[in-house]
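Trainee: next one to model:
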Amino acid sequence: MNATVGDRLLVHANTVGEGDRSGVITEVQGSEGGPPYMVRFDDGHTGLVFPGPDAVVVPK
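Mentor: So this is what the prediction gives:
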């Protein structure tokens, strides 16, 4: 998984009844665009994310 600043990260819910989460990647801390990523989620929360298999990077 590779990303650049400004791409969106979409994390699919893994529990029934829970919604997907998405946000903008504000910082790429891994080498060559790899994780971890600092993400500002749409709900205003900012956090360091090590995306799993339920996550997708959507290029800007």
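
Trainee: how about the residue nearest in space to the middle of the chain, nearest residue that isn't a chain neighbour?
Mentor: By C-alpha atoms, centre = their mean, the chain has its centre lying nearest to residue 9, at 3.2 Å. Setting aside the residues directly before and after it, residue 9 is nearest to residue 39 in space (C-beta to C-beta, 6 or more residues apart in numbering), at 5.2 Å. Every C-beta, even on glycine, is put in place using the N, C-alpha and C of the backbone.

Trainee: C-terminal to the helix or strand hosting that neighbour, what's the next element?
Mentor: Using DSSP states H and E, residue 39 falls within strand 37-41. Per DSSP H and E, the first helix or strand lying C-terminal to strand 37-41 is strand 46-49.

Trainee: list the buried ones in that following strand?
Mentor: Using 16 or more other C-beta atoms under 10 Å as the test for burial, strand 46-49 gives residue 49.

Trainee: partners of it, with directions?
Mentor: Its sheet considered, strand 46-49 pairs with strand 37-41 (antiparallel) by DSSP bridges.

Trainee: contacts for the partner strand next, please.
Mentor: Residues outside strand 37-41 that contact it (C-beta atoms under 8 Å, 6 or more residues apart in numbering): 3, 9, 21-30, 46-49, 51.

Trainee: show the average pLDDT along the strand holding residue 39.
Mentor: Averaged across strand 37-41, the pLDDT comes to 98.

Trainee: list phi and psi for residue 35.
Mentor: phi -70, psi 160 (degrees, to the nearest 10).

Trainee: now do the same contact list for it.
Mentor: Residue 35 touches 1, 3, 29, 49-51, counting by C-beta under 8 Å, 6+ apart.

Trainee: list only buried entries from the residues you listed.
Mentor: 3, 49, 51.
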